[in-house]
Structure formats: C-alpha cells, structure tokens
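Novice: I would like to see how this sequence folds:
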Amino acid sequence: MSIEASSDVHGPVAGSPPSSPRLVARDLPYELLHLVFRLASTPSSSSRPRHGGAVCSWHSYEPAAPLSLVCRRWRSPAQAVLFSSVVLDGHERAQAFIDAVKQSERVRQLAKNETAFIVLALDAQDEQSPSSSPILLDPPAAPGRQRATSELLVAALEACSSAAHVHVRTLHQDVRERLLSTLMDPQRPLVTLVLGPTHAAARRWSVGLWDVRDGWDLRPTVQNLEHTGLLAPGPAPSTASIVPPLRPFPQLALRRLKLWHDWPIDLLAAALKSCSSLEYLDLYFEQYKPAQAFFDALKASGKSLREVRYVYNPTSPGPDSGDSSSSLSPPPSHSSPHQQTSSPDLSSSSTGTRPPRPAPLFDLLLPHLVALRTLHCTSTELTPSALLALPPSLQSLSVQSLNSLSRFSPRALLAVLRDQHLALPDGFRRLTVTDSPDVWGEEAIDEARLRCEDVGVRFEFRMDFEEEGEYESE
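Specialist: Next up is the predicted model:
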C-alpha cells in the first residue's frame with residue numbers, strides 16, 4: 001500500500017491543445033476521479049468478491065496504489081479508493097499498517113475516515129496451528145505469535161473507526177474484550193459482521209473469542225451477520241450456563257443472517273423473533289433443536305424472508321428421531337427430531353405401537369413464508385405433501401438428503417405429482433432433489449422429470465456423492 005506523496009511533474013506539454021486527453025483526465029472533479037479509479041481497480045465482473053461472506057462480500061482495491069503516484073490531483077481520490085477496503089491477513093501486513101498509522105497523520109485520517117471494509121486474519125499457517133506458538137527470537141515470556149498478531153489486528157480495527165463492514169477470522173481469545181469494545185462502539189456505523197470460519201485445530205487458543213451472550217450486545221445498525229464457528233468436535237453451548245439469564249432481545253435490523261454454529265435454541269429463537277426485516281436466512285447445525293421452537297420464531301419473523309437455507313446434520317439422535325437401532329446403523333444415520341415417514345411408506349409391523357413423530361418444520365412453516373422465493377432444506381424437514389400448499393411467491397425448491405430417514409421419498413413425491421388437485425404457484429420453476437440413486441432409481445427419476453415438465457417445472461436429480469454447486473443467492 002503506497003502512500004508516498006507525488007509532485008505534479010506532468011505539466012502541460014508545449015503545443016498541447018487545451019482539450020488533450022492528458023489535461024482532461026487531470027482536471028476531472030474529485031468525485032468522478034474517485035468513481036473512475038474504483039471501477040479501474042475492481043476485478044472483472046466474472047470474479048466473485050474475495051472477502052466477506054455469504055451475507056455480504058466485497059473486493060479490495062490494491063490496483064489503485066500506482067494511480068496515487070501519477071500526480072497530486074490523482075493522489076487523494078486514488079488513496080481514498082485504496083483505503084476504502086483494507087485486508088490485513090498476517091503479521092507483516094498488520095505491523096506495516098500500524099507503523100504507517102503511527103508515522104503519518106495522512107494515513108491516520110485515511111484509515112479513520114475512508115475505510116469502510118476491513119478483513120482481519122492471521123497468516124494461514126498460524127490460523128490453523130493447534131498451539132499458540134512463540135515468536136522466534138523473543139523472550140520466553142513473550143506472547144504467542146497468534147496473540148501478538150491478534151493484538152495488531154485489533155489495533156488496526158480501532159484505527160479504522162468508520163469501518164462498517166468487518167470480517168474477523170480466527171483470532172486469539174485473549175483479545176476478546178478489546179475486540180468487542182471496538183466492534184460494538186456506539187460511534188461505529190457497523191452494518192456487516194462476518195465471524196469465521198474457525199478452524200477446529202485452533203480451538204485451544206481461539207474458542208473463547210466469542211460467547212453466546214455477545215448476541216445481546218449486537219449493534220442495532222447491523223443488517224448482515226454471519227457466524228461460521230466450531231461445528232465439531234465438542235458439545236454445543238448450553239443456555240443453562242448463561243449468566244445473566246436469557247432476556248428479551250432488542251429489536252434487530254438484520255436483513256441477512258447466516259449461522260453455521262450450534263447456538264442454543266433459546267438464544268437463536270429469541271434472536272429470530274427480534275428480526276422483523278429478515279430477508280435471507282442460512283442455518284447449519286449439528287445438535288438437536290426442537291422444530292416447534294423454530295416454527296414459533298420464524299412464524300413471527302418470516303413474513304419478509306425471500307431465501308432460506310436450512311441444513312440439519314445431527315451428530316447424534318434427537319429425542320423424536322424414532323427407532324435408535326435404525327438411526328445408528330451404518331451407513332451413518334444423522335437422525336432428525338423432525339423426521340416423519342409419510343403414511344404410504346410406513347411399515348405397520350415396525351411402527352404400530354410407536355407414537356407419531358412431529359410434522360416436519362417446513363410442512364408447518366411454508367404457508368406462513370408469504371414472500372419466500374427460494375428454499376433449500378434437508379429432507380428431514382419437508383415432505384412432498386408440502387407441494388400442495390406452497391407459498392405463491394416460491395420459485396425454487398431444493399431438498400437434500402443427508403441420512404437414511406429422509407421424509408422426501410420418491411414414492412410420496414410421485415403420488416403428489418400424480419394428484420389432479422396439484423396446483424403449483426405460477427412462478428414455481430425448479431425442483432431439485434439430492435439423494436442416493438439407489439433409493440430413487442432411474443424409473444422414478446424419469447417419471448418425476450416428465451410430470452414436472454408437464455406443469456412447467458424443471459426437475460433436477462443430483463446424486464448424493466456429488467459436490468453441491470454454489471448455492472444460488474438472489
């Protein structure tokens with residue numbers, strides 16, 4: 001990041017007409033130069049933004065650095081573009097940034113007033129290290145390299161007090177209090193907060209960086225929140241250990257929320273009920289969460305939801321998962337508390353005395369999601385019968401099987417598609433199923449495709465061993 005001053009050495013060339021391109025470019029107003037430099041420093045439209053996350057992503061603008069050296073007129077707008085997105089990934093970059101801030105008032109003002117996007121990360125090797133390694137040549141009592149770099153990164157965030165979009169990767173847990181203080185500063189116009197991903201190998205020195213109680217301190221200005229935390233190994237946090245006890249959430253302005261973290265259901269439900277403007281929701285969790293709690297929370301806040309991704313991939317059976325012998329037999333059966341086999345697939349010999357399991361979450365919830373356009377969920381959370389009552393706004397439905405107790409069976413789907421009373425929404429265009437080809441068979445797949453075509457819907461079957469493509473977001 002170059003911040004050197006440049007003299008205006010490119011004066012008018014003798015004999016140049018007043019309208020020469022060189023003079024025109026130099027004399028453009030600041031606002032137009034800023035726009036031109038930003039566009040010139042942005043990667044091609046085919047390149048996805050490298051920083052941030054699913055809720056908000058952005059580019060950095062390093063190509064603007066040489067533009068600041070062309071002439072004095074270009075220096076200010078080019079440096080403003082350069083400093084608008086700061087990426088500090090590692091000890092050397094963090095140290096250089098802090099040194100520049102200390103040594104130059106101009107850099108200090110650029111960091112304070114121009115930086116809107118910032119990424120804080122350790123070196124990749126340090127980020128994935130299972131131990132907090134000491135810095136070479138330092139005294140034995142010196143903090144580990146992860147902690148030292150984390151301190152520099154938090155200092156950089158303090159210097160960038162106007163940064164509204166912040167991505168914090170794995171940092172040392174000892175900087176927690178200082179990090180929270182600057183993140184949640186009432187003077188910071190925080191809009192986007194992306195936390196993680198967190199490597200399981202770093203658990204020893206990073207697990208204490210975030211706490212479930214931090215949710216209550218979330219700034220009311222935050223619209224985009226993403227937390228990709230430790231999914232395994234280790235038990236899920238419990239609300240029983242939360243002090244003070246759970247209390248009502250303040251009203252949140254969240255519009256886009258991604259949580260790949262086993263937050264306690266009481267905390268998660270309280271947060272969701274406080275989000276009246278939520279448009280995008282992406283949840284992944286591995287510990288049992290009762291469907292009724294999710295239903296109550298999303299029924300209250302789901303009227304504005306346009307896109308939902310809901311993946312439940314449990315590592316142990318829930319209390320409503322049914323026969324434990326079947327749920328624990330190979331292949332690994334990640335049983336869901338919401339699974340319920342539709343009546344045509346029930347075996348009377350095995351279920352005659354078993355009480356019925358709860359209805360799946362989205363069978364209950366879909367009629368209340370009146371603005372929903374896209375839904376991706378695991379096959380334990382939806383039965384084909386839900387196709388009979390889809391919200392009129394729905395355009396795309398994707399169902400993914402992660403276990404042997406799927407409730408979205410080919411037999412049940414074909415029964416619904418053959419139903420003469422089936423009336424899909426006018427805008428519904430795609431149905432995608434990801435499952436084992438051994439479960440479905442070519443005949444069932446072909447019939448589902450043909451019957452969907454008859455009603456103007458594209459049916460796509462993906463094999464469960466195929467890697468899922470990039471989830472399409474609006």
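
Novice: any stretches of the stretch 251-400 of the chain with poor pLDDT?
Specialist: Counting by pLDDT under 70, the stretch 251-400 of the chain shows low-confidence ranges at 315-357.

Novice: which parts of it are helices?
Specialist: 265-273, 291-301, 324-327, 348-351, 361-365 (DSSP state H, counting those that start in this stretch).

Novice: go through these and name the closest to residue 67.
Specialist: When the helices of the stretch 251-400 of the chain are compared by Cβ to Cβ, helix 265-273 sits nearest residue 67, at 43.3 Å. To be clear about C-beta, it is placed using only N, CA and C from the backbone, and glycine gets the same treatment.

Novice: which elements pack onto that closest one?
Specialist: Judged by 3 or more Cβ pairs under 8 Å, 6 or more residues apart in numbering; DSSP states H and E, helix 265-273 is in contact with helix 291-301.

Novice: CA atoms of the helix it packs on as CSV?
Specialist: Below are the C-alpha coordinates for helix 291-301, written out as CSV (Å, rounded to 0.1, in the frame of the first residue of the first chain):
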residue,chain,number,x,y,z
ALA,A,291,-38.9,-27.9,15.4
GLN,A,292,-41.6,-26.2,17.4
ALA,A,293,-39.2,-23.5,18.7
PHE,A,294,-38.1,-22.8,15.1
PHE,A,295,-41.7,-22.7,13.9
ASP,A,296,-42.7,-20.2,16.6
ALA,A,297,-39.7,-18.0,15.9
LEU,A,298,-39.9,-18.0,12.1
LYS,A,299,-43.7,-17.7,12.0
ALA,A,300,-43.2,-14.4,13.9
SER,A,301,-40.4,-13.0,11.8
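
Novice: now that helix: buried residues?
Specialist: 291-292, 294-295, 297-299, 301 (16 or more other Cβ atoms under 10 Å).

Novice: ok, the residues you listed vs residue 260, which is closest?
Specialist: Among the buried residues of helix 291-301, residue 294 lies closest to residue 260 (Cβ to Cβ), at 15.8 Å.

Novice: mind checking how far the longest helix seen in the chain is from the chain centre?
Specialist: For the chain, the helix with the greatest residue count under DSSP state H is helix 437-454. Relative to its chain's centre, helix 437-454 lies at 33 Å (Cα atoms, centre = their mean, to the nearest Å).

Novice: and if you look at stretch 301-314?
Specialist: With Cα atoms, centre = their mean, you get 13 Å for stretch 301-314.

Novice: what's the answer for stretch 44-60, then?
Specialist: 12 Å.

Novice: using CSV, list the CA coordinates for that stretch.
Specialist: Provided in CSV are the C-alpha atoms of stretch 44-60 (Å, rounded to 0.1, in the frame of the first residue of the first chain):
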residue,chain,number,x,y,z
SER,A,44,-13.8,-8.3,-13.7
SER,A,45,-17.5,-9.0,-13.3
SER,A,46,-16.7,-12.7,-13.6
SER,A,47,-14.6,-12.6,-10.5
ARG,A,48,-16.5,-13.2,-7.3
PRO,A,49,-15.6,-10.9,-4.4
ARG,A,50,-12.8,-12.5,-2.3
HIS,A,51,-13.7,-11.0,1.1
GLY,A,52,-16.6,-11.1,3.5
GLY,A,53,-19.1,-13.9,3.3
ALA,A,54,-22.5,-15.0,2.0
VAL,A,55,-24.3,-12.2,3.7
CYS,A,56,-22.1,-9.5,2.2
SER,A,57,-18.9,-9.8,0.1
TRP,A,58,-16.5,-7.2,-1.3
HIS,A,59,-13.3,-6.6,-3.2
SER,A,60,-10.1,-4.9,-2.2
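
Novice: sounds good, over and out.
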